[in-house]
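Undergrad: Kindly return the folded structure for what I paste below:
(chains A and B)
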Amino acid sequence: MEIEEASRESGHVVCGSWIRRPKKVNWVLIAKASKRRGSSVSSPALLNIFSFDPITASLSSSPLATHTLKDSDGDPVAVSVHPGGDYFVCSTSKGGCKLFELVGGATGITILAKELLPLQNAGLQKCMAFSFDGSKLAVGGVDGCLRIMEWPNLSVILDEPKAHKSIRDMDFSLDSEFLATTSTDGSARIWKAEDGFPLSTLERSGDENIELCRFSKDGTKPFLFCAAQRGDTPMVNVYDISTWKKLGFKKLSRKTASTMAVSLDGKYIALGGKDGDVSVAEVKTMEIYHYSKRLHLGQSIASLEFCPSERVMLTTSSEWGEMVTKLTVPKEWKEWQIYALLFCLFMASVIAAYVFFENSDSFWKLPMGKDQKRPKISLFGGSSSTPSEDHSRWNLDL
Amino acid sequence: MAEQQLGVLKALDVAKTQLYHFTAIVIAGMGFFTDAYDLFCVSLVTKLLGRIYYFNPESAKPGSLPPHVAAAVNGVALCGTLSGQLFFGWLGDKLGRKKVYGLTLVMMILCSVASGLSFGHEAKGVMTTLCFFRFWLGFGIGGDYPLSATIMSEYANKKTRGAFIAAVFAMQGVGILAGGFVALAVSSIFDKKFPAPTYAVNRALSTPPQVDYIWRIIVMFGALPAALTYYWRMKMPETARYTALVAKNIKQATADMSKVLQTDIELEERVEDDVKDPKQNYGLFSKEFLRRHGLHLLGTTSTWFLLDIAFYSQNLFQKDIFSAIGWIPKAATMNATHEVFRIARAQTLIALCSTVPGYWFTVAFIDTIGRFKIQLNGFFMMTVFMFAIAFPYNHWIKPENRIGFVVMYSLTFFFANFGPNATTFIVPAEIFPARLRSTCHGISAAAGKAGAIVGAFGFLYAAQSQDKAKVDAGYPPGIGVKNSLIMLGVLNFIGMLFTFLVPEPKGKSLEELSGEAEVSHDEK
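TA: Numbering: from 1, shown residues only, chains lettered A, B, ... in the order given. The predicted model follows:
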């Protein structure tokens, strides 16, 4: 019923995600809703794949590949890309969930639609996630139904119709052992990914609502981060995943968080706000290192994701579309600088060794002084039994 | 391809023990294997270096390295190890461990090969080059060792973690064995191809020019396990594991995180600041730490220091003891190749019969007997056997008693490994508070390295004969092998006494051990 102005070409981006490719190449998947004027469709719902240029930290101006959703499927709601980078799944508002494969090489790629039988008639799925090792897929519906499936054979591990009132967010742990889910009623639960067994309900203070969840991706920090709302105050709770007890909390954003992400190396955690702010904090110190105020002016951040290999963040919102932001985090040593340092240490020791060599006669105490050499003997016992070929070769080498 | 790789980790956890796990053990253990081979193979060839580069036609004894040169050749890699640990520990925080790991292995490969090369054929050039590259080889090993431990914990099967880690650690013993086998093989081949008279028969001809290749081949062979380690590691998938959970470091991780977080009772705590319990917040340099853990830290550092004096000196200078009691004949009665062969045979036999079984006995009994008793018993038995060797030393020198000596000497090594060599590594990781555990373990490990350096440089001087005529070229008279062994026995006894300062961690929770559970007692 709502009439949109035709001039807003970048409008109606629903969500986005990074696609990891070999050799540190990264693509971006952008899902767009259809635009309507009256009863006719002015542009259909699209799935676009753009290439990312790390030099300029920007996306390509035209997509590498495009796929158009059917009218009967409605609009895309959520996407999740398999860690291997060859498949992604997309939930739609009317047509259940869709599976897509990326096919092709250097000359060009194509998005192929595939069957996702167990989820074809699943209803609206609010969030989806692949496990870190790529062996499981989880989807959470607005009806509160939670499903966990094996990948790629899609056998069902868990189909729980009443996991939550309505599922809000979910994330797999780094070791793919746990799945955390949050609900619109503020509760959060932990599931065993292997068999779908519910392990725990996260503790929260009286009026606290847990809204988002992300597992740590640093192997030395076994924690779960949850964005929670306590009254009017947004904060991030930290839970110990060996006991599921709360360790503490920290306020990392000024406004309520609408989305949350952890960098692939586990060093940074980011929150996207409902008024378009983005804050990035270092996990080790839980201090804010980057704050973009009104990055998406007045619009809720719909999706937020760290680039797998660069200090760059992808954010999307309905009105402002997709943005790629370079993060102003403390400068890290570049690899070549460390190699240069090591090389300098090596050369310094070469010089020290040479100086020592030139002044070390008294140290070595050679019995024949400076002229001490390996013994060289023109005759030795048993030479007649040695083949002459071997004999001459050894002499030549010495 | 990606999906195939991604499935590997799952198989490690879910599957019953099968090929996956044995493959993982070998790959994870290659780091320890390589470290042990590279560090100890040089002890097999130092005699040969002396014959080649310190040849003196006027001397009745074959050439030998002067004491400070032998100490330099043996010990310079240990100094490199210390430097490498510091550098790569810092680097690991900057680059991440996986990248650093590749770098350390490349260094080890290149420096192993370079150690076998030299600039020119003059003795001074050869020795300088060898020491230079041995330092950098040690530098790479210093980076590799802690990373091997980390990667080991990342690949451990969650259900059989203890056995897995023990099997991986035992690869260290296999590395020492491999050094001996390589030396045996190379010296046998050269002896067949290039026969030579003994030194007593012909001084010059007893060292054919070709034997120069023997020590180079043995040293450069260390590049092969390093290269295999590099190849296999790069083929393994990126680990996605909470290593804190696998390595049971959760306390440390949660303590670090709690420091930077607020807690729900923080508002109340502000009011109660003056009654906040100071007992749980002491630092390393504080009276409270000294009161609670000062003796524990003294115990762990002193026992590790004293153990490594004996352990490293014996590992590096076994051949000198064997020569002193005649198991290895007098140098003049052998040619250069024979000497390498006999040294390698003796050291390999000791490792095969005592060092390696000692590791496995510790694995089997450490959680039943307990760390305290194993360490106490180990030091005690080391003391007993050292004294049993040293005091009747003149008895063992006789040829008919040689086997008895070897048995006693082997048992010393057995109880070193079924004893303090294992427990001094494990205990410091268990008895200190979470906040200070890694620091205290680091201090104890540094003390161990200091002991290794003392052992490497000190024993060589001490073991020289009191009789000037019997001393090797360039050495000042020492106190003799007998008195040196007595001294080591005394050090082991002192280590046993210091063991009483260390509490028994078996069966106790970490909170109980580190005193973090005392609050409830105080509140009663």
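Undergrad: Now do the biggest helix by length in chain A: which elements does it pack against?
TA: Counting residues, the longest helix found in chain A (DSSP state H) is helix A:335-358. Other helices and strands packing on helix A:335-358, by 3 or more Cβ pairs under 8 Å, 6 or more residues apart in numbering or on different chains; DSSP states H and E, are helix B:67-95, helix B:123-155. (C-beta placed from N, C-alpha, C; glycine too.)
Undergrad: ok and that helix relative to helix B:123-155, angle-wise?
TA: 150 degrees (axes from the mean of the first three to the mean of the last three Cα atoms, to 10 degrees).
Undergrad: Could you tell me the angle between helix A:335-358 and helix B:67-95?
TA: With the same axes, to 10 degrees as the basis, helix A:335-358 and helix B:67-95 are set at 170 degrees to each other.
Undergrad: and helix A:335-358, which residues are buried?
TA: By neighbour count on 16 or more other Cβ atoms under 10 Å in any protein chain shown, the buried set for helix A:335-358 is A:338, A:342, A:349, A:353, A:357.
Undergrad: for stretch A:28-36, same thing?
TA: So for stretch A:28-36, counting by 16+ other Cβ under 10 Å, buried means A:28, A:29, A:30, A:31, A:32, A:33, A:34, A:35.
Undergrad: pLDDT of the longest helix of chain A, averaged?
TA: Mean per-residue pLDDT for helix A:335-358: 87.
Undergrad: what number of residues lie near the single nearest residue of the stretch 201-350 of chain A relative to chain B?
TA: Of all residues in the stretch 201-350 of chain A, residue A:248 sits closest to chain B, at 2.9 Å by Cβ to the nearest Cβ. Neighbour count for residue A:248, taken as other Cβ atoms under 10 Å in any protein chain shown: 20.
Undergrad: What of residue B:211?
TA: 25.
Undergrad: Can you give me the buried ones in stretch A:163-183?
TA: Those would be A:163-164, A:167-183, for stretch A:163-183 by 16+ other Cβ under 10 Å.
Undergrad: and the closest residue to residue A:231 other than its chain neighbours, backbone torsions?
TA: Using Cβ to Cβ, 6 or more residues apart in numbering or on different chains and skipping the chain neighbours, the partner closest in space to residue A:231 is residue A:207 (6.0 Å). Backbone torsions for residue A:207, taken as degrees, to the nearest 10, come to phi -100, psi 30.
Undergrad: close enough to count as contact, residue A:207 and residue A:228?
TA: No - if you go by Cβ atoms under 8 Å, residue A:207 and residue A:228 don't touch, sitting 10.3 Å apart.
Undergrad: between the two, who's got more neighbours?
TA: Neighbours of residue A:207 and residue A:228, each counted by other Cβ under 10 Å, are more numerous for residue A:228; the result is 25 against 9.
Undergrad: Would you enumerate the residues in contact with the more buried one?
TA: A:186, A:204, A:208, A:209, A:210, A:211, A:234, A:235, A:236, A:237, A:249 (Cβ atoms under 8 Å, 6 or more residues apart in numbering or on different chains).
Undergrad: and if you look at residue B:389?
TA: Contacts for residue B:389 (Cβ under 8 Å, 6+ apart) come out as B:396, B:405, B:408, B:409, B:412, B:485.
Undergrad: what pairs with the strand or helix carrying residue A:214, and is each one parallel or antiparallel?
TA: Using DSSP states H and E, the element containing residue A:214 is strand A:208-215. Its sheet considered, strand A:208-215 pairs with strand A:223-230 (antiparallel) by DSSP bridges.
Undergrad: Report the next helix or strand after the partner strand in sequence order.
TA: Following strand A:223-230 in sequence, per DSSP H and E, is strand A:233-240.
Undergrad: Deepest-packed of the helices and strands packed on helix A:335-358, please.
TA: helix B:123-155 (a mean of 24; mean count of other Cβ atoms under 10 Å in any protein chain shown).
Undergrad: Who are the packing partners of that helix?
TA: helix A:335-358, helix A:361-364, helix B:19-40, helix B:46-53, helix B:67-95, helix B:97-115, helix B:161-193, helix B:243-246.
Undergrad: nearest to residue B:220, of these?
TA: helix B:97-115 (5.3 Å; Cβ to Cβ).
Undergrad: Run a quick neighbour tally on the closest residue to chain A within chain B.
TA: Nearest residue of chain B to chain A (Cβ to the nearest Cβ) works out as residue B:261 at 2.9 Å. Residues within reach of residue B:261, counting by other Cβ under 10 Å, total 16.
Undergrad: Could you give the bridge partners of the residue nearest to it when sequence neighbours are not counted?
TA: With sequence-adjacent residues excluded and distances taken as Cβ to Cβ, 6+ apart, residue B:261 is closest to residue A:248, at 2.9 Å. On the basis of DSSP bridges, residue A:248 is bridged to residue A:238.
Undergrad: residues touching residue A:248, list them.
TA: Contacts for residue A:248 (Cβ under 8 Å, 6+ apart) come out as A:237, A:238, B:257, B:258, B:261, B:262, B:263, B:264.
Undergrad: now the helices and strands packed on helix B:123-155 in JSON lines, with distance to residue A:315?
TA: Output for the helices and strands packed on helix B:123-155, formatted as JSON lines (distance: least, Cβ to Cβ, whole Å):
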{"stretch": "helix A:335-358", "distance to residue A:315": "28"}
{"stretch": "helix A:361-364", "distance to residue A:315": "65"}
{"stretch": "helix B:19-40", "distance to residue A:315": "40"}
{"stretch": "helix B:46-53", "distance to residue A:315": "64"}
{"stretch": "helix B:67-95", "distance to residue A:315": "28"}
{"stretch": "helix B:97-115", "distance to residue A:315": "29"}
{"stretch": "helix B:161-193", "distance to residue A:315": "41"}
{"stretch": "helix B:243-246", "distance to residue A:315": "31"}
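Undergrad: before we move on, back to that, pick the one among the buried residues of stretch A:28-36 closest to chain B.
TA: Nearest to chain B among the buried residues of stretch A:28-36, with distances taken as Cβ to the nearest Cβ, is residue A:29, at 17.1 Å.
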